[in-house]
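Novice: Following is a predicted model, sequence given first.
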Amino acid sequence: MTPHINAPKGAFAKIVLMPGDPLRAKYIAENFLDNAQLITDVRNMLGYTGEFQGKAISVMGSGMGIPSISIYAKELITEYGVENIIRIGSCGAISNKIKLMDVVMAMGASTDSAVNRTRFKDTDFAMIADFNLLRLAVQSAENQNINYHVGNLYSSDLFYSADESRYDLMEKYGMLGVEMEAAGLYGVAAEYGAKALAMMTVTDHIRQGLHLTAEERQQTLNDMIKLTLEAVSLID
Ligand SMILES: O=P(O)(O)O[C@H]1O[C@H](CO)[C@@H](O)[C@H]1O
Ligand SMILES: O=c1cc[nH]c(=O)[nH]1
């Protein structure tokens with residue numbers, strides 16, 4: 001057990017899916033996994049282990065922001081032997097080339113957070129996805145005819161930022177979307193020797209002021225879960 005996870009040793013599978021919202025973890029466990037058991041609930045950050053096509057898979061909420069996901073990802077890797085963490089989240093788009101409901105896969109993650117400079121002695125460390133996880137996710141998106149984009153994401157410490165000009169800079173540099181955890185997850189994975197991928201559905205268009213309806217959110221979430229489960233079922 002750890003300060004933040006009350007599951008016994010060995011309770012997590014080697015593969016953990018991490019949505020930000022713990023209730024999304026519950027939804028995935030109850031609707032997409034077989035034999036899912038609740039294994040941790042400290043602070044209501046729910047985590048489950050079950051099976052998909054006979055393969056053990058866990059799903060646990062990460063909370064919002066880099067500090068929160070960093071705590072859970074670190075403990076999962078170092079205390080529970082987790083080898084693969086796949087964030088399945090939501091993001092806001094900036095470029096008009098990206099549409100609501102598209103899936104964006106973070107090949108890299110930029111950030112205004114200081115955590116990776118703190119970690120890597122004040123030097124810029126390129127925060128990148130595990131290539132094999134990314135390749136499998138792309139393959140699944142193509143198999144399932146899901147619109148996807150692969151590139152650089154921006155992990156922001158601020159959900160509410162008064163500085164609108166930052167979106168011009170992000171667009172100029174080709175950021176696919178803005179969310180709040182990917183760069184932290186990639187930093188933890190690099191530090192502790194695990195594999196990670198962050199994938200988000202576009203729930204908001206920051207420039208166009210558009211947002212998914214509740215029904216569309218549910219559909220895109222289901223599509224991303226199916227894509228992710230197919231991808232992780234192919235991990236050796
Ligand atoms: O939908 P999730 O996974 O929580 O992701 C996004 O939503 C939250 C902000 O509303 C942040 O955590 C952001 O990264
Ligand atoms: O961090 C986030 C997540 C969803 N939508 C946004 O605009 N930002």
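Specialist: That came through fine. Ligands and ions are numbered 1, 2, ... in the order given.

Novice: Next, count neighbours for Lys121.
Specialist: Lys121 is flanked by 7 other residues according to other C-beta atoms under 10 Å. All C-beta spots, glycine's among them, are computed from the backbone N, C-alpha and C.

Novice: give me the element it is part of.
Specialist: Counting by DSSP states H and E, there is no helix or strand that carries Lys121.

Novice: And it, its phi and psi?
Specialist: Phi and psi for Lys121, reported as degrees, to the nearest 10, are phi 50, psi 50.

Novice: In the helix or strand bottoming out on mean pLDDT in the chain, which residues are buried?
Specialist: Sorted by mean pLDDT, DSSP states H and E, the helices and strands of the chain end with helix 214-233, the least confident at a mean of 93. Buried residues in helix 214-233, counting neighbours by 16 or more other C-beta atoms under 10 Å, are found at Arg217, Thr220, Leu221, Asp223, Met224, Ile225, Leu227, Thr228, Leu229, Glu230, Ala231, Val232.

Novice: try stretch 125-133
Specialist: Quick answer for stretch 125-133 (16+ other C-beta under 10 Å): Met127, Ile128, Ala129, Asp130, Leu133.

Novice: same question, stretch 164-171
Specialist: Using 16+ other C-beta under 10 Å as the test for burial, stretch 164-171 gives Arg166, Tyr167, Met170, Glu171.

Novice: and the buried residues of helix 214-233 as a markdown table, adding distance to ligand 2?
Specialist: Shown next, in a markdown table, are these (distance: C-beta to the nearest ligand atom, whole Å):
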| residue | distance to ligand 2 |
| --- | --- |
| Arg217 | 11 |
| Thr220 | 12 |
| Leu221 | 13 |
| Asp223 | 17 |
| Met224 | 14 |
| Ile225 | 17 |
| Leu227 | 18 |
| Thr228 | 18 |
| Leu229 | 22 |
| Glu230 | 24 |
| Ala231 | 22 |
| Val232 | 23 |
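
Novice: Where does the residue of the chain found nearest ligand 2 sit, in terms of helix or strand?
Specialist: Scanning the chain for proximity to ligand 2 using C-beta to the nearest ligand atom identifies Gly92 as nearest, at 2.4 Å. Element membership for Gly92, per DSSP H and E: strand 84-93.

Novice: can you tell me the average pLDDT over that strand?
Specialist: Regarding strand 84-93, the rounded mean pLDDT is 97.

Novice: tell me the angle of that strand relative to helix 214-233?
Specialist: Here the directions of strand 84-93 and helix 214-233 differ by 150 degrees (axes from the mean of the first three to the mean of the last three C-alpha atoms, to 10 degrees).

Novice: what about whichever residue of the chain sits closest to ligand 1, how many residues close to it?
Specialist: Nearest to ligand 1, among the residues of the chain, is Gly20, at 2.1 Å (C-beta to the nearest ligand atom). Other residues near Gly20 come to 21 when the count uses other C-beta under 10 Å.

Novice: Next: Asp122.
Specialist: Residues near Asp122, counting by other C-beta under 10 Å, number 9.

Novice: ranges for the strands of the protein?
Specialist: Using DSSP state E, the strands found in the chain span residues 15-18, 34-40, 47-52, 55-60, 84-93, 103-111, 148-155, 177-179, 195-205, 210-211.

Novice: could I get those as CSV with mean neighbour count?
Specialist: As requested, those are exported to CSV (neighbours: other C-beta atoms under 10 Å):
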stretch, mean neighbour count
strand 15-18, 27
strand 34-40, 16
strand 47-52, 22
strand 55-60, 24
strand 84-93, 26
strand 103-111, 23
strand 148-155, 22
strand 177-179, 27
strand 195-205, 24
strand 210-211, 13
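
Novice: now the residue sitting nearest the centre point of the chain: how far from Gly63?
Specialist: In the chain, the residue lying closest to the centroid (C-alpha atoms, centre = their mean) is Arg87, at 1.8 Å. Plainly put, Arg87 is 12 Å away from Gly63 if you go by C-beta to C-beta, to the nearest Å.
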